[in-house]
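Asks: the sequence isn't on hand, but the structure is:
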């Protein structure tokens, strides 16, 4: 018992000053990963970003697109998700590639995350966990198609958590209450 964290109820191994690493960091380094104000890499607007982030900070999707595709993207008529998704699917090796607009998928699925049944927020920032994304039921990396038949609406939070794993049955869903 001597090598256990001294914090009440914690059974993790002791690391420093009688505490486990989690309780040590909470007590002695509370601002270790706190978001700090910085400037958008494109327009200079103030944004809050974690200090450990390796991505250049941006304030909006417009600035993120400009950073990713260059300043010319706005003059060419803006970013076209459907064309970009087709190109990404081809690069990923998809055999069946159908061009479709993600708004079609969102409306077909009634703006509801197919993974948990939550409503996605149509007005959310693309960085918001509740923002809508298109997920492929069978991932491209597993031989899935880029088609409306394989595409579903998912919130960013659960789509990111699912990663490239196929969802076969309801039993595969994670249990618990969604956090958004």
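Replies: Perfect, I can see it now. Just so it is clear, the structure is predicted and the values come from calculations on it, not from any experiment.

Asks: can you check the pLDDT for residue 43?
Replies: Looking at residue 43, its pLDDT stands at 88.

Asks: so what's it up against?
Replies: 59, 63 (C-beta atoms under 8 Å, 6 or more residues apart in numbering). All C-beta spots, glycine's among them, are computed from the backbone N, C-alpha and C.

Asks: which helix or strand contains it?
Replies: Using DSSP states H and E, residue 43 is not contained in any helix or strand.

Asks: now residue 153
Replies: strand 151-155.

Asks: note down every partner strand of that strand and its orientation.
Replies: If you go by DSSP bridges, strand 151-155 pairs up with strand 132-136 (antiparallel).

Asks: distance from the chain centre to the partner strand, please.
Replies: 10 Å (C-alpha atoms, centre = their mean, to the nearest Å).

Asks: just the residues contacting it, thanks.
Replies: 85, 102, 105-106, 111, 113-115, 120-122, 124, 144-146, 150-156, 159, 162.

Asks: avg pLDDT for the host helix or strand of residue 87?
Replies: In this assignment (DSSP H and E), residue 87 forms part of helix 81-91. Averaging pLDDT along helix 81-91 yields 86.

Asks: what sits against residue 91?
Replies: Residue 91 neighbours (C-beta under 8 Å, 6+ apart): none.

Asks: ok, now how distant is the closest residue to residue 145 other than its chain neighbours from residue 67?
Replies: Nearest-residue entry for residue 145: residue 96, 3.8 Å, with adjacent residues in sequence omitted and distances by C-beta to C-beta, 6 or more residues apart in numbering. Going from residue 96 to residue 67 by C-beta to C-beta, to the nearest Å gives 31 Å.

Asks: cool, and residue 45?
Replies: 13 Å.

Asks: higher neighbour count, these two?
Replies: Using other C-beta atoms under 10 Å, the more surrounded residue of residue 45 and residue 67 is residue 67, with 17 against 12.

Asks: in the host helix or strand of that one, which residues are buried?
Replies: In the assignment (DSSP H and E), residue 67 maps to helix 61-69. Burial within helix 61-69, assessed by neighbour count using 16 or more other C-beta atoms under 10 Å, is assigned to 63, 64, 65, 66, 67.

Asks: closest one to residue 80 out of the residues you listed, please.
Replies: residue 65 (10.5 Å; C-beta to C-beta).

Asks: quick one: that closest one from residue 34, how far?
Replies: For residue 65 relative to residue 34 (C-beta to C-beta), the value is 28 Å.

Asks: what's the answer for residue 141, then?
Replies: Residue 141 is 35 Å from residue 34, by C-beta to C-beta.

Asks: now residue 27
Replies: Residue 27 is 15 Å from residue 34, by C-beta to C-beta.
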